[in-house]
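Participant: Following is a predicted model, sequence given first.
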Amino acid sequence: MGEVKRLDVELATALNSEARKRVWDSTTSILNHGPIDGDNQSTVLALGYVQSGKTTSITALAAAAADRGYQVIVALLGSTNILLDQNRARLESALGIGTRSDYVWVTEPNPSTTASGKRIRDFVTRGRVCFIPVLKHAGRIRSVAKQLESLPDTIPVLIIDDEADQASLNTSDTSESRTYAAIKELRRSLPKHLYVQYTATPYAPLLLDTTDMLSPRAVEFLAPGRGYTGGKEFFLDNAATVVRDVPLLDEQASRNLPIQLQLSLTKALAAFLAGAALLMLADPTAPPVSMLVHSTARNDVQARYEFLLRRQLTKWRASVETGDEAQFPELVREERTRLVRNGATDSSDADFVKQLRFVLREATTWLVNSAADVNRVDWTVAPIHILVGGNKLDRGFTVEGLTVTYMNRPASKQVDTLEQRARAFGYRGDLLPYCQFFASKKTVRSLTEIVHTEEDLRARLRDHVEDGGSVRTWAREIGLLLPDGMIPTRASVIEALVSHPLGWHVLRRPSTESGDTGLNWALIRQLGLADAPLLTHGRRQFRTLTVTSILPLQEMLTAWRRGAFSPGWLQDEFMDALERRFSTYGRATIMLMDDADSPRVRKWEDDIGFVNLFQGRDLRPQPNGDFYPGDRNVMNLEENPGQILLQVHRNVRRNDPASVELLSLALYLGSGTIQRKASNV
């Protein structure tokens with residue numbers, strides 16, 4: 001039996017035939033770029049979602065590669081030992097390495113000696129497939145390169161780079177970072193190889209200069225399995241029930257050791273314990289059930305959090321065992337009520353209290369950082385786990401049975417870092433009623449906008465490639481749609497990006513031809529804006545429409561008579577950005593801006609047109625309390641900056657004896673930017 005057929009039997013226990021077909025189709029597509037069927041030393045990007053089952057794809061790729069004749073598979077499986085061990089164990093188990101008696105596979109982890117290199121060559125001669133798991137560390141990778149350079153040049157090698165956007169890339173401004181240089185040495189030592197980059201945050205690889213050896217030539221889109229829960233499910237579809245606020249005062253300052261648990265963290269702990277009790281009553285096979293506390297990168301602060309959590313658990317254990325009706329039982333009752341309201345299965349009070357006692361007794365805390373003694377999390381020692389850590393718990397690390405995340409670490413401005421840090425992505429859809437995600441408003445807003453960034457990237461990149469473009473031309477011609485104030489990745493990795501801001505864009509110099517104004521009024525009436533309902537904004541009222549199709553906007557902007565030139569109005573650029581934003585936001589507001597059905601009066605300069613089209617906000621509220629927030633902030637844009645808004649402004653030029661009405665446009669495309677490569681030859 002071939003490796004694909006054997007693994008397919010294993011996958012059939014968890015995946016239906018359609019899902020398995022997608023897995024095998026993607027592995028075929030990836031391998032078609034390799035030295036057996038395609039080019040030598042090609043680089044392919046395998047793009048998945050955070051926590052979406054990339055390990056399944058990696059396993060399938062290894063199995064299919066073995067069937068195609070790849071006898072050496074090098075897997076860079078993590079930059080920490082805890083991550084390497086986790087990934088290695090999963091892959092070896094899925095491939096049956098160490099448990100099968102047919103002598104197809106052999107494992108040689110981190111080969112660094114002449115003896116290990118000789119063993120690899122000997123096994124290749126015998127026809128074995130050598131699986132080589134490697135720590136993503138410069139010294140380890142160089143050792144592998146040295147041991148493999150004496151392989152026959154005819155041997156095809158598969159190199160798998162998990163979390164390829166992190167430690168693999170060149171982070172040095174002046175030379176080459178050590179890990180990057182080591183990977184370069186590894187690739188140079190293998191004349192016939194396929195290099196496959198796995199990541200869910202591909203912003204850095206996609207924006208690399210095309211001369212970079214890690215710039216991908218092709219991309220394969222990995223589909224998540226059925227029941228996958230990611231950013232869309234957490235921060236859009238179920239935000240009202242899943243997302244919880246961490247007040248600004250509860251954010252962890254980088255150097256200050258906490259004296260006591262913040263109230264928001266105490267609530268998060270109560271939510272976790274109540275949810276774990278309900279979940280285990282509804283499904284006794286649910287464990288392990290876990291909570292993640294991510295506060296800072298500092299080891300000493302993490303240790304203090306772990307101590308405070310253990311102390312709180314000890315206090316609550318005593319409270320529950322003695323039946324004391326203290327603050328803790330009240331918090332748990334509140335969180336139990338909330339979870340049941342959100343869809344969790346309830347139980348009798350007696351059963352809940354009994355199960356809660358069990359959950360408290362079994363709750364095990366883990367401090368996971370470089371200063372701790374923990375080399376791995378043993379999920380088998382207890383059913384209930386609370387993990388406290390920082391960077392070791394973000395990229396690639398799977399927290400089994402995660403239901404509650406508490407992340408009071410200040411938001412990173414790097415999209416890839418923040419997205420990977422939110423390990424709530426990727427867990428079973430049936431656990432959603434028990435899930436809670438605690439973070440600050442800024443962090444939640446950023447993660448919500450990143451959902452749009454991620455979906456836009458996948459859609460635009462796929463369209464661009466299918467239309468005949470390449471992965472590399474995408475960076476120059478399409479680029480990334482980014483949240484306001486955020487950057488795609490580390491500045492040391494990516495250079496020469498050009499930003500195109502979204503936000504407000506104003507047609508300052510409208511057509512002054514009376515015929516054009518008449519035609520534009522016809523468009524306004526055709527849309528229904530001239531007779532639209534009046535919507536109140538403090539002391540002002542404007543006719544307002546909401547559209548859920550992009551067609552009316554596109555037709556209006558395309559047909560609008562604009563005149564020869566207006567500074568800063570780049571129609572083609574706006575139309576592209578409008579389409580991208582609408583595909584994620586799904587609706588737009590159109591407003592007719594005037595003064596009680598009469599044109600406004602605005603200053604006019606012949607070279608630029610209207611000097612200031614917008615009316616500003618009121619300096620103080622009216623006697624009755626009404627307050628106008630200003631044209632730029634209508635529709636509550638300050639609180640919800642992701643909206644799309646088109647304003648039609650009716651104006652006359654100040655000191656214009658003829659008082660000729662002119663129609664201008666102001667288009668708001670949401671907060672954020674589109675970033676592209678300045679050059680990508």
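Facilitator: Structure received.
Participant: residue nearest the centroid of the chain?
Facilitator: residue 419 (4.0 Å; CA atoms, centre = their mean).
Participant: sec struct for that one, please.
Facilitator: helix (DSSP: H, G, I helix; E, B strand; the rest coil).
Participant: Could you report the separation of it from residue 515?
Facilitator: 51 Å (CB to CB, to the nearest Å). Where C-beta positions appear, they are placed from N, C-alpha and C, glycine not excepted.
Participant: For the residue nearest to the centre of the chain, which residues are in contact?
Facilitator: By CB atoms under 8 Å, 6 or more residues apart in numbering, the contact set of residue 419 is 50, 200-201, 231, 425, 447, 450, 454.
Participant: And it, how far from residue 571?
Facilitator: Distance of residue 419 to residue 571, computed by CB to CB: 33 Å.
Participant: Residue 244 too?
Facilitator: 43 Å.
Participant: of the two, who's got more company?
Facilitator: residue 244 (18 against 15; other CB atoms under 10 Å).
Participant: pull the CA atoms of the helix or strand where residue 648 lies into CSV?
Facilitator: Using DSSP states H and E, residue 648 falls within strand 645-653. Taking C-alpha atoms only, strand 645-653 is exported to CSV below (Å, rounded to 0.1, in the frame of the first residue of the first chain):
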residue,chain,number,x,y,z
LEU,A,645,-19.4,56.4,3.1
LEU,A,646,-20.2,58.5,0.0
GLN,A,647,-21.2,62.1,0.5
VAL,A,648,-22.7,64.3,-2.3
HIS,A,649,-22.0,67.9,-1.3
ARG,A,650,-24.2,70.7,-2.6
ASN,A,651,-22.2,73.9,-2.6
VAL,A,652,-22.0,77.4,-4.1
ARG,A,653,-18.8,79.4,-4.4
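Participant: From the contact counts, what lies against the helix or strand just after it?
Facilitator: Later in the chain than strand 645-653, the nearest helix or strand by DSSP H and E is strand 661-668. Contacts defined by 3 or more CB pairs under 8 Å, 6 or more residues apart in numbering; DSSP states H and E place strand 661-668 against strand 504-506, helix 514-527, strand 645-653.
Participant: can you list these in CSV and add mean pLDDT and mean neighbour count?
Facilitator: Listed next are those as CSV, based on pLDDT from 0 to 100; neighbours: other CB atoms under 10 Å:
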stretch, mean pLDDT, mean neighbour count
strand 504-506, 92, 19
helix 514-527, 95, 15
strand 645-653, 96, 22
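Participant: how about these in JSON lines, adding distance to residue 584?
Facilitator: Shown next, in JSON lines, are the helices and strands packed on strand 661-668 (distance: least, CB to CB, whole Å):
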{"stretch": "strand 504-506", "distance to residue 584": "19"}
{"stretch": "helix 514-527", "distance to residue 584": "23"}
{"stretch": "strand 645-653", "distance to residue 584": "15"}
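Participant: Name every strand pairing with the strand holding residue 648 and say which way it goes.
Facilitator: strand 588-593 (parallel), strand 600-602 (parallel), strand 661-668 (antiparallel) (DSSP bridges).
Participant: for the record, mean pLDDT for the helix or strand just after the longest one?
Facilitator: By that I understand strand 661-668. Sequence-wise, the next helix or strand downstream of strand 661-668 (DSSP H and E) is strand 673-677. Mean per-residue pLDDT for strand 673-677: 88.
Participant: re earlier: of all the strands paired with strand 645-653, which lies closest to residue 465?
Facilitator: Among these, the nearest to residue 465 by CB to CB is strand 588-593 (28.3 Å).
Participant: That closest one - what's its average pLDDT?
Facilitator: 96.
Participant: gap between it and the chain center?
Facilitator: Remark: strand 588-593 is offset 31 Å from the chain centroid, using CA atoms, centre = their mean, to the nearest Å.
Participant: got the angle for that strand vs helix 514-527?
Facilitator: Using axes from the mean of the first three to the mean of the last three CA atoms, to 10 degrees, the inter-axis angle of strand 588-593 relative to helix 514-527 is 130 degrees.
Participant: Would you mind pulling the contact partners of strand 588-593?
Facilitator: 524, 527, 529-530, 532, 535, 542-547, 550, 552-553, 582, 600, 615, 631, 634-635, 643-650, 666.
Participant: could you flag which of those residues are buried?
Facilitator: 524, 527, 529, 532, 535, 542-545, 547, 550, 552-553, 582, 600, 615, 631, 634-635, 643-650, 666 (16 or more other CB atoms under 10 Å).
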